[in-house]
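1. Here's my sequence, what's the structure:
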Amino acid sequence: MEQPLPHTKRTLAADLRGIGLLAGDTVLVHSSVRSLGFVVGKVQAVVQALLEALGPTGTLVVPTHTPFNSDPAGWRNPPVPAAWWPIIREQSPGFDPACTPSRHMGVLAETVRTWPEAVRSVHPYVSFAALGAKAAVIVDDHSLEDGLGEKSPLGALYREHGKVLLLGCGHRRNTSLHLAECRQAEVPMADHGAAVRGKDGDNRWITWTAPVVDASDFEDIGGAYEVAGTVEVGPVGSAMARLMPQRDLVDFATAWMGRHRP
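-> As a prediction, this is how the structure comes out:
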C-alpha cells in the first residue's frame, strides 16, 4: 500500500484555513504536536504554518504556565518534605518572563515563547505568550490576583473576539473555560505563592489570593458546547482539530457551570 506523503508547512497552513482559521484572527492554541504525524521541519514548521494562516495582521497566543513555581506546601505529585519548603521558597531563581521555561504546556507553546518578537505576560504561575499584531494587547495586562479572569490574557482574548484552537487535544486543556469559572457568582478562593525575579536580579517570594480552578468537568462542558455551539472540526495534518469562537464558548460555559456546579 502506498505510504501517505509527509505533512509540510504549506499543507498544514491549508488545513488550518480549511477549518476556518482566517488571516487577521487572534487565536489561542492548545496542541499536541505529536498527534499531527510526520511534519517536515517538526514544530518549527507547525508554528510557521500557524503564522502563515494568520497573516501579518493575526495573532498567535499560547499558554506558558509554570506550575513548578508554586508553594511547595501544596505539591502532591510528588510531594516534598516540609523541611525543604523554606529552602525552595528562598532559593528558587524567580520567574523571569524572558527565560523561565513553561512546563506541561507542550513543545509548540515553548517554541512560540522563544520565537523572535514573542512577548509574554508577567504572571509567575499562569503566563501566556503571543506573537503578532495584537500580542501586546493580549499579554500586557495580567493581574496577579486575576490570573485566569477578566484582567488576564483570557479576558483580553474575549474582548478581542478571539478564537480557540484545540490542535489534536481535548477540552480538558481548554484554558478559556477557566475564565468562565472566574465569572461564577461565588468563586472558591485560595492562597497562592511563587518566586519572582526582581529588577535587581534577586528573587523574592510573593503571595496572593486567587480563585481555585478545577478542570475535572471541562470535557463535559466542551462536549455540551459542541452540540449547542459553533465548532469547526476537521483534520490538521494527522490530527483532529477544533476551532471555536472564544466568546461564545466562555458565555456557554459560564451558564453551564451556573446550572451544574454546586
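2. Find the residue at the geometric middle of this structure.
-> The residue lying closest to the centre of the chain (C-alpha atoms, centre = their mean) is Pro63, at 2.7 Å.
3. got a pLDDT number for that one?
-> The per-residue pLDDT reported for Pro63 equals 98.
4. Pretty sure it sits against His123.
-> No: look at Pro63 against His123 with C-beta atoms under 8 Å: they stay out of range, at 10.7 Å. Glycine gets a C-beta too; all of them are placed from N, C-alpha and C.
5. what about Glu219, helix or strand, and which?
-> In the assignment (DSSP states H and E), Glu219 maps to helix 218-228.
6. list the helices and strands that helix packs on?
-> When contacts are defined as 3 or more C-beta pairs under 8 Å, 6 or more residues apart in numbering; DSSP states H and E, helix 218-228 packs onto helix 176-182, helix 246-260.
7. where in this protein is pLDDT low?
-> The chain contains residues with pLDDT under 70 at 1.
8. where do the strands sit along it?
-> In the chain, the segments counted as strands under DSSP state E are 26-31, 59-63, 119-120, 128-132, 163-167, 189-197, 203-211, 232-236, 239-245.
9. quick one, the first one and helix 246-260 angle?
-> In other words, strand 26-31. 60 degrees (axes from the mean of the first three to the mean of the last three C-alpha atoms, to 10 degrees).
10. which residues sit against strand 26-31?
-> Applying C-beta atoms under 8 Å, 6 or more residues apart in numbering, the contact partners of strand 26-31 are 21, 46, 50, 54, 58-63, 106, 108-109, 128, 132, 134, 138, 153-154, 157, 160-169, 173-176, 243, 246.
11. cool, the fifth one as well?
-> With contacts defined as C-beta under 8 Å, 6+ apart, strand 163-167 is touched by 16, 21, 25-33, 35-36, 108, 173-174, 176, 236, 239, 241-246, 249.
12. Return the list of strands paired to it, each annotated with direction.
-> Here strand 163-167 is paired, per DSSP bridges, with strand 26-31 (parallel), strand 239-245 (antiparallel).
13. now do the third one
-> Strand pairing for strand 119-120, using DSSP bridges, gives strand 128-132 (antiparallel).
14. Quick check: Asp96 touching Arg197?
-> Yes: Asp96 is within contact range of Arg197, at 4.4 Å (criterion: C-beta under 8 Å).
15. Between those two, point out the one with more neighbours.
-> Taking neighbours as other C-beta atoms under 10 Å, Asp96 and Arg197 compare with Arg197 leading, 19 against 15.
16. Surely that one touches Pro97?
-> No: Arg197 lies out of contact with Pro97 (C-beta under 8 Å); the separation is 9.1 Å.
17. about what we covered before: just the buried subset of the contacts of strand 163-167, please.
-> Buried by 16 or more other C-beta atoms under 10 Å: 16, 21, 25-33, 36, 108, 173-174, 176, 236, 239, 241-246, 249, out of those.
18. between the strands of the chain, which gets nearest to Arg10?
-> Closest approach to Arg10 among the strands of the chain is made by strand 232-236 (12.9 Å; C-beta to C-beta).
19. Having no further points to raise, I will conclude here.
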